[in-house]
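K.L.:
below: sequence and its predicted model.
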Amino acid sequence: MPTQQLIQKEKVALDAPLCRTCGGRCCQGSPGIWVDPERFFTLFFAGQHLTLEQLRGRLDDLGLVLWEKTGVPIPAPRSLLTGCAFYSADGCRFSIEDRPCQCLALVPNRKTLTQAQGCLCRLPKGFSREQAGRRWQKYWIGRSYEC
Ligand code: SF4
Ligand code: SF4
């Protein structure tokens, strides 16, 4: 599916002027993740569906990792002590089309700017870590992934 269609399907809550003023406080914490496996494989592997082992071997070149603490592997940008590895002074190094679903869905809240630190911006329920875990679990089960 062309990336433009993908971005139209995705929930996008960006507020570029507000986020520019903020300077990416969310990105300096924990990176967002790709909640939708279909979207992830379309963006990075032209729609080819990989097994977990195949994906493990390909993530390094993309600067991505798997989050596995919950028992369900979910791809995410690599983390550094300074936050997301794709964060730069000029903003996110991903194009808007390629950004993790959570990064696109996060609803900016102007009140974030009124406090010295932290982020008051909120994720819609459908983009929570738990929801991502459910979707990826379903995907891996479909790929005969054995937990
Ligand atoms: S913390 Fe909120 S306001 Fe700041 S960049 Fe992130 S989404 Fe935008
Ligand atoms: S991928 Fe981009 S938008 Fe998402 S946390 Fe990293 S720098 Fe921020």
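P.N.:
Right, received. Where do you want to start? Numbers count the residues shown, from 1 in each chain. Ligands and ions are numbered 1, 2, ... in the order given.
K.L.:
now do stretch 115-127, average pLDDT.
P.N.:
Averaging pLDDT along stretch 115-127 yields 92.
K.L.:
quick one: least confident helix or strand in this protein?
P.N.:
Ranked by mean pLDDT, DSSP states H and E, the weakest helix or strand in the chain is helix 3-9, scoring a mean of 54.
K.L.:
so is the helix or strand following that helix next to ligand 1?
P.N.:
For helix 3-9, the succeeding helix or strand toward the C-terminus, using DSSP states H and E, is helix 16-22. Yes. Counting by CB under 6 Å from any ligand atom, ligand 1 has neighbours in helix 16-22: 18-19, 22. No exception for glycine: its C-beta is placed from N, CA and C like everyone else's.
K.L.:
and if you look at stretch 121-140?
P.N.:
Yes. Using CB under 6 Å from any ligand atom, we find that stretch 121-140 touches ligand 1 at Cys121.
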